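Peer 1: this one's structure only:
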């Protein structure tokens, strides 16, 4: 019986030491994107610029990422608020680089020449994420995209956003 206790205690100590020695790197609970955006309206050639913020979560590892974001875009005589929800498929290129392709709905609130309009749009993006240290704490992103509005005029635009990535543990 004494021998059994000794073997059991020795096994627990060795297994727990092995467990503590392993480096467990957990994925972040969410990733915050802070940056800027620019866009070009393909219908009338108007350009716009503004800040952007988004939060990204991973409900299905290596298969689905959800990103919710808001971007106010400013141009001459116009302010536009874009709020989107993107469904992205991720691909890990290396420890320091990821690529995602995504699509999703967008709500567009525009105030131009004193007139306010709201419309629903669709958005498609390519998302490049770079993590310089490979530890996925801080990084940067570049996200080109295309928007198509289902509202009056069926506006189309292309744009790009970029900025800082901050992982939330």
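Peer 2: On my side now, so go ahead. For clarity, every value in this text was computed on a predicted model and none was experimentally measured.
Peer 1: what are the ranges of the helices in the chain?
Peer 2: 2-21 (DSSP state H).
Peer 1: excluding its backbone neighbours, what's nearest residue 144?
Peer 2: In space, and not counting its chain neighbours, residue 144 is closest to residue 160: 4.7 Å by CB to CB, 6 or more residues apart in numbering. C-beta here means a position set from N, CA and C on the backbone, and glycine is covered the same way.
Peer 1: Isn't that neighbour up against residue 36?
Peer 2: No. Judged on CB atoms under 8 Å, residue 160 makes no contact with residue 36 at a distance of 9.4 Å.
Peer 1: Could you count how many residues lie near residue 152?
Peer 2: Residue 152: 8 surrounding residues under other CB atoms under 10 Å.
Peer 1: Output the below-cut-off pLDDT ranges for this structure.
Peer 2: Scanning the chain for pLDDT under 70 picks out 1-25.
Peer 1: how far away is residue 28 from residue 98?
Peer 2: 12 Å (CB to CB, to the nearest Å).
Peer 1: These two - which one has more neighbours?
Peer 2: Set residue 28 next to residue 98 and count neighbours by other CB under 10 Å: residue 98 wins out with 20 against 16.
Peer 1: Tell me the buried residues in stretch 33-46?
Peer 2: Residues of stretch 33-46 classed as buried: 33, 35, 37, 39, 41, 46 (neighbour count, 16 or more other CB atoms under 10 Å).
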